[in-house]
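Engineer: the following block contains a protein sequence and its predicted model.
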Amino acid sequence: AGMTKDLKMLLQQAGASVINSASAASRLLTDMSGGGVESSSGPLVFLCDDSSTNKGCGVSDALFRQAKKLIENSPASEEAEDARVLCLHFGWLFDSISCAAPMRAAAYEPSAPRSRALWALTARNGAAATGDESQVY
């Protein structure tokens, strides 16, 4: 619980909007799919812990399917600014803060199978973290 609180504080100080529930993340993904969220608002970032199971990873099967559909329906691009969804290990946040620059998402593979599958989709699309304000679940 202590690390979660610290992560939320860091994210808010960095200008991110923190989404605290799967239902809120699902609504945001729905809005993003329908064009209801401006692309300039930054990507939806799923920050994953060290959980090695799908049950503990925080990315439900329904969220995975929604995010996968959004990624697959977005034009593939090598440009970081074009990433709509990122899924990565929370170490990305600390490293990005330490380096004062967003680190490439491809280097931060989560442990749980479902999170890793979502990470692989975003990494395959050339996604990198951006300096834009991000929506974090």
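Structural biologist: Received the coordinates, thanks.
Engineer: going forward, measure contacts and count neighbours with C-alpha atoms only.
Structural biologist: Will do.
Engineer: continuing past the helix or strand harbouring L28, what's the next helix or strand?
Structural biologist: In this structure, L28 sits in helix 22-33 according to DSSP states H and E. Sequence-wise, the next helix or strand downstream of helix 22-33 (DSSP H and E) is strand 44-48.
Engineer: could you point out which element follows that next one?
Structural biologist: helix 54-57.
Engineer: who are the packing partners of that following helix?
Structural biologist: helix 113-124 (3 or more Cα pairs under 8 Å, 6 or more residues apart in numbering; DSSP states H and E).
Engineer: so where's this protein shaky on pLDDT?
Structural biologist: Low-confidence segments of the chain (pLDDT under 70): 1, 36-40, 76-82, 124-137.
Engineer: so which other helices or strands are in contact with the helix holding L28?
Structural biologist: helix 61-73.
Engineer: can you list contacts of the next helix or strand after the helix it packs on?
Structural biologist: Note on helix 61-73: by DSSP H and E, the next helix or strand toward the C-terminus is strand 85-89. Contact with strand 85-89 is made by 43-50, 67, 70-71, 105, 108-111, 115-116, 118-119, 122, 127-129, as judged by Cα atoms under 8 Å, 6 or more residues apart in numbering.
Engineer: would you mind checking these for buried ones?
Structural biologist: 43-49, 67, 70-71, 105, 108-111, 115-116, 118-119, 122, 127-129 (16 or more other Cα atoms under 10 Å).
Engineer: tell me the angle the helix holding L28 makes with helix 61-73.
Structural biologist: In terms of direction (axes from the mean of the first three to the mean of the last three Cα atoms, to 10 degrees), helix 22-33 departs from helix 61-73 by 20 degrees.
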